[in-house]
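Visitor: Any chance you can model this:
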Amino acid sequence: MTRPADDHYPTPPEATRALLSVEQFGAGIWEPCAGSGEMAAVLRQAGYTVAATTLHDGRADRDFPKHRVIGGTDFLAETRLRHHAIVTNPPYRIAEEIIRHALSLRPQRVAMLLNLKFLGSKARRAGLFAETPPARVWVFADRISMYPAGWDGPRATTTETMAWFVWDAPFRRVPPAIGWIEAGEHRGAAE
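Guide: Here you go, the predicted structure:
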């Protein structure tokens, strides 16, 4: 399977539901790497007001307003916070840049879905994690398979382990707490 140029791997609904089983975000959430809107749809179904934006074409779906996404928005160029929480599955190749920018906007909470191996970096240990470590890391005890948008090939279970990394304001230099969640417990719910 070739990697899509824009790193668009839609987030399975159960991954977002698992996050919502352990975290709360006030009334509004900004989903700045929304792609085609799968994560934003789950957040809206849970009762949150969501500003879903993406760098690429948006999605204004009258039949399915839960998938509404504002296109042409470069998160890294944004200077104004749209809501007091930021929740997203960033393109992995620029994940640290997305995290640093999100934290610079000073939201109350930031949650990023990342491969657990994101922790294993000397540069991030000395940089990002030394400066602003996450408050919590929610490790998926089961595997989440993500496929490129529009993928119609075979589906297999991944060997990768994913986790939600969560930062709370004020951002402190304290080692993160770690917990475990399971996507399988939230599969098929509210679809």
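Visitor: Can you spell out which helices and strands pack onto the host helix or strand of V42?
Guide: Using DSSP states H and E, V42 falls within helix 38-45. Secondary-structure packing of helix 38-45 (3 or more C-beta pairs under 8 Å, 6 or more residues apart in numbering; DSSP states H and E): helix 13-20, strand 28-31, strand 49-52, strand 85-88. Quick note: C-beta positions are derived from backbone N, CA and C, even for glycine.
Visitor: Counting by contacts, list what the first one packs against.
Guide: With contacts taken as 3+ C-beta pairs under 8 Å, 6+ apart, helix 13-20 sits against helix 38-45, strand 109-115, strand 136-140, strand 162-168.
Visitor: relative to helix 13-20, how tilted is the first one?
Guide: For helix 38-45 against helix 13-20, the angle by axes from the mean of the first three to the mean of the last three C-alpha atoms, to 10 degrees is 50 degrees.
Visitor: burial of L116, as a residue count?
Guide: 14 (other C-beta atoms under 10 Å).
Visitor: Could you tell me the model confidence score at it?
Guide: L116 is assigned a pLDDT of 94 by the prediction.
Visitor: Centre of the chain to the longest helix belonging to the chain, how far?
Guide: Determined from DSSP state H, the single longest helix within the chain is helix 95-104. Relative to its parent chain, helix 95-104 has a centroid offset of 12 Å by C-alpha atoms, centre = their mean, to the nearest Å.
Visitor: I am finished for the moment; much appreciated.
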